[in-house]
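Student: here's my sequence, what's the structure:
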Amino acid sequence: MKSSVTIGMDSELKKEAEAFFSDLGMNFTTAVNIFVRQALRQQEIPFIIGRNPPYNAETLADMEEELRE
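Tutor: As a prediction, the model looks like this:
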């Protein structure tokens, strides 16, 4: 059984993500499904989230800006 999910996202971010995922041979939905399956498999977010490296000041500023929108 399939279920739909609606999320809010900056339109330019979505456009860039769709182009990137397309280059990898998948669509946005497939990429999100891969992320969720990997998170459940590992029982954690499958990448580092935090204020310590590998994030630099520019990356953190971008992430904080996204949270404010």
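Student: rest of the way, CA atoms for contacts and neighbours
Tutor: Fine.
Student: neighbouring contacts of stretch 27-40?
Tutor: 17-18, 21-22, 45-46 (C-alpha atoms under 8 Å, 6 or more residues apart in numbering).
Student: export that stretch as CSV, just CAs?
Tutor: Output of stretch 27-40 as CSV, limited to C-alpha atoms (Å, rounded to 0.1, in the frame of the first residue of the first chain):
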residue,chain,number,x,y,z
ASN,A,27,13.4,10.7,-9.2
PHE,A,28,12.8,12.7,-6.1
THR,A,29,10.4,10.1,-4.6
THR,A,30,12.9,7.3,-5.0
ALA,A,31,15.6,9.4,-3.3
VAL,A,32,13.4,10.2,-0.3
ASN,A,33,12.4,6.5,-0.1
ILE,A,34,16.1,5.5,-0.1
PHE,A,35,16.8,8.0,2.7
VAL,A,36,13.9,6.7,4.9
ARG,A,37,14.9,3.1,4.3
GLN,A,38,18.5,3.8,5.2
ALA,A,39,17.5,5.7,8.3
LEU,A,40,15.3,2.8,9.5
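Student: avg pLDDT for it?
Tutor: Averaging pLDDT along stretch 27-40 gives 95.
Student: low-confidence ranges in this protein?
Tutor: The model of the chain has pLDDT under 70 over residues 50-56.
Student: ranges for the helices of it?
Tutor: Ranges of helices in the chain, per DSSP state H, are 11-23, 28-42, 57-68.
Student: out of these, the one nearest residue 3 is which?
Tutor: helix 28-42 (11.6 Å; C-alpha to C-alpha).
Student: list the buried ones in the closest one?
Tutor: Neighbour-count burial for helix 28-42, with 16 or more other C-alpha atoms under 10 Å as criterion, is recorded at 28, 31.
Student: what angle do that helix and helix 11-23 make?
Tutor: Angle, helix 28-42 to helix 11-23, by axes from the mean of the first three to the mean of the last three C-alpha atoms, to 10 degrees: 80 degrees.
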